[in-house]
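Colleague: quick one, structure for this:
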Amino acid sequence: MTIAIWLTVVSICLLGAMSPGPSLAVVLKQTLSGGRQVGLIAAISHGLGVGLYALLCISGIAVMITASQVLFTTLQWGGAGYLLWMGINALRAATTSKAMLADPPTTGSAARDGFLVVFLNPKIALFFIALFSQVIGSETSWLEKFTYASTAMVIDMAWYMVVVWSFSNPRWLARLQQNVIWVERAFGVILIALAVRVLSNGLVN
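Modeller: Here you go, the predicted structure:
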C-alpha cells in the first residue's frame with residue numbers, strides 16, 4: 001500500500017461520507033432532538049456500521065449481498081421501511097404538545113438509528129466493492145485490508161462528528177429546540193421522502 005493509493009481511498013471515502021442522504025438526515029435529527037451527546041453517539045454508531053460494511057466487503061460477503069437480488073432487495077426495502085417508520089414517528093410526535101417533545105431521544109435509540117441506517121443500505125456495499133476493487137489485489141495483505149476498512153470507518157465517523165458539533169452549537173440548538181414541533185415535522189417529511197425515493201429506485205431497478 002502506497003501513500004498515493006491510501007490518499008485516493010481517503011478522498012473517495014470523504015466524498016462518499018459528505019454526500020447528502022438518509023444518513024445525514026438521521027444524524028441531524030438525533031442531534032437537533034437530543035443534543036450534542038446523542039448526536040455524537042449516532043455519528044459513532046454510523047461510523048461503526050460503515051466500518052463493518054467495509055470489512056464485509058473485503059472479506060467477500062458484500063459480493064454475496066450484491067450478487068443475490070433477493071437479499072439485496074430485502075435489505076433495500078428494509079431500509080426504506082425503517083426510514084418510513086422514523087418519518088411517521090416524527091410526524092406523529094409533531095402533533096403532540098411541546099412538553100412531550102421536550103424528552104430527548106435515548107442514547108440507545110441514537111446508536112440503533114445511526115447503525116441501522118447504514119446496515120439496511122445495500123448500496124454502501126456497492127460503493128465499497130467499486131472502491132476496493134481498484135486498490136485491493138491478491139497480493140494485498142490483511143493488515144492493508146484492515147487499514148483500508150479502518151480508514152473508511154474513521155473518515156465517516158469524523159465527518160458526522162463534525163456535523164454534529166457544528167449543528168449542536170448552543171445558540172443554534174436553543175433556537176431550533178424552541179421550534180421543535182416544526183423541526184420534527186420537517187425531518188418527518190424528509191425521511192418519508194427518502195423512503196419513497198429508495199422504494200421507487202428499487203422498483204425501477
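Colleague: every contact and neighbour count from this point should use C-alpha atoms.
Modeller: Noted.
Colleague: and the helix or strand hosting L71, what does it pack onto?
Modeller: Per DSSP states H and E: L71 is located in helix 69-93. Identification of packing neighbours for helix 69-93 by 3 or more Cα pairs under 8 Å, 6 or more residues apart in numbering; DSSP states H and E yields helix 61-67, helix 107-119, helix 180-204.
Colleague: mean pLDDT lowest for which of these?
Modeller: Of all these, mean pLDDT reaches its minimum on helix 61-67 (a mean of 65).
Colleague: pLDDT averaged over stretch 152-171, what's the number?
Modeller: Per-residue scores along stretch 152-171 average to 88.
Colleague: buried stuff in that stretch?
Modeller: 152-161, 163-165, 167-168 (16 or more other Cα atoms under 10 Å).
Colleague: mind listing which of these are in helices?
Modeller: 152-161, 163-165, 167 (DSSP state H).
Colleague: okay, now G51: neighbour count?
Modeller: Per other Cα atoms under 10 Å, the neighbour tally for G51 reads 24.
Colleague: how about it, nearest residue that isn't a chain neighbour?
Modeller: In space, and not counting its chain neighbours, G51 is closest to M153: 4.3 Å by Cα to Cα, 6 or more residues apart in numbering.
Colleague: now swap in I88 and tell me
Modeller: G188 (6.2 Å).
Colleague: distance check, the residue of the chain most remote from its centre against A149.
Modeller: In the chain, counting by Cα atoms, centre = their mean, E139 sits farthest out from the average C-alpha position, at 31.4 Å. In this view, E139 and A149 are 17 Å apart by Cα to Cα, to the nearest Å.
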